[in-house]
Each structure stands twice: as structure tokens, then as C-alpha cells.
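Participant: below is the sequence, then the predicted model.
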Amino acid sequence: KKMDLLNSLEAKLLGNDGTEVAVHSLQGKLVAFYFSAHWCPPCREFTPVLKDFYEEVNSDGSKLEIVFISSDDNEEGQLEYFKTAHGKWLALPFSSPMRNQLKVKYGVCAAKEKDAVGVEPRRQGIPTLLVVRPDGSEISVNGVDDIHNSGLGALKRWIAAA
């Protein structure tokens, strides 16, 4: 059974201010899943870059929505990282089963959680920014490199491929 966040109406997302956000707010938007964790130094390095990118591409209307998929060790760790370091995007709650389902579906997770989550094959570690179409199919699993290499040009390419 294909698990697709974007069509799963029971899934709730968290806003950066702690509010609950319905999944249907993502409809019609380009969505990127941000697989990351506070304990991961490369993630902490990339998050401010992503925050600047997000603010810039959405400065004249919402073009990209990001959903944080945490590999933090606990809910406190996720919320602390999300509220203090992340942009004003969304997150899957720590308790959501979809957090691990998406890791399995896309083959992306931290090395230390691979066996516990059951990610096989593991295609990529964290940080990963995975850009998807509204049906959940992949546009790019290399969003981190796309942004480093092309800056705002990355968004144009993703939109063209959507």
C-alpha cells in the first residue's frame, strides 16, 4: 500500500509556531521533505542556508513548502531544533508514524536509525532535501547540492520538472 503524505488527510503537520496545520494546505505547492536532525553537524550547517533559500523563494508568494522529517532522538530535541533553527515551514510531529514511513519509502535516514526504522536500501543519509511532485513522486533527492550549486536557480529547475 503506497503511503502518500500529500493524500493522507488524517496526517497533521506542525507549524513552526506550534500550531497544527492540515495537510491539504500543501495542495498545489511544490513540496520538499527535509530529512535532518539537531545532533548532525552537517544538518546544523545546512539548515540556515535552507532557511535563507526558503525565505527568498517565497518572498513574493508561496512557491515552495518544506516539511521537516526529523531524525532527532526524541520529541524535545525535534521541537527545540525546529523552533530555534528552522525556517517558518512545517514538520511531521515526532509521534507520527508517517515520519518513519517516509524514510522507508524514499530510502533516506540517518545511519544510526537505519536498522530500527527498517530502511532498506538506504540511498541517502542526512541532511537530505527531497523535492517531490504532488503525487509524491521524486523530482530531486539532491536538493542540498542543488541549492549549494545553483541557489535560486534550483527552484526554477524543480518547477520545470514538476
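Facilitator: Received, thanks.
Participant: what mean pLDDT does stretch 57-66 have?
Facilitator: The average of the pLDDT scores along stretch 57-66 is 91.
Participant: begin at 818 from now on, thanks
Facilitator: All set: I'll call the first residue 818, so the last point we hit is now stretch 874-883.
Participant: tell me how far the ends of that stretch are from each other?
Facilitator: 12 Å (C-alpha to C-alpha, to the nearest Å).
Participant: what comes up buried for that stretch?
Facilitator: Buried residues in stretch 874-883, counting neighbours by 16 or more other C-beta atoms under 10 Å, are found at V874, N875, L881, E882, I883. All C-beta atoms are positioned from the backbone trio N, CA, C, and that covers glycine.
Participant: who's in contact with it?
Facilitator: Defining contact as C-beta atoms under 8 Å, 6 or more residues apart in numbering, one finds that stretch 874-883 is touched by 842-843, 846-851, 867, 871, 904, 906-907, 946, 969, 972, 975-976.
Participant: what's the answer for stretch 849-868, then?
Facilitator: Under the contact criterion C-beta under 8 Å, 6+ apart, stretch 849-868 has outside partners 881-890, 894-895, 897-898, 902-904, 906, 919-920, 923, 925-927, 941, 943-949, 960-961, 964-965, 975.
Participant: same thing but at 6 Å, please
Facilitator: Stretch 849-868 has contacts (C-beta atoms under 6 Å, 6 or more residues apart in numbering) with 883-886, 888-889, 894, 898, 902, 904, 925, 943-948, 960-961.
Participant: hmm, back to that, could I have the buried ones of the contacts of stretch 874-883 as ChimeraX selection syntax?
Facilitator: Buried subset of the contacts of stretch 874-883, written as a ChimeraX selection, criterion 16+ other C-beta under 10 Å:
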select :843,846,847,848,849,850,851,867,871,904,906,907,946,972,975
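Participant: now the helices for this structure?
Facilitator: Secondary structure of the chain, counting by DSSP state H: helices at 858-874, 892-902, 915-923, 931-934, 960-967, 970-978.
Participant: pick the most deeply packed of those helices.
Facilitator: helix 915-923 (a mean of 20; mean count of other C-beta atoms under 10 Å).
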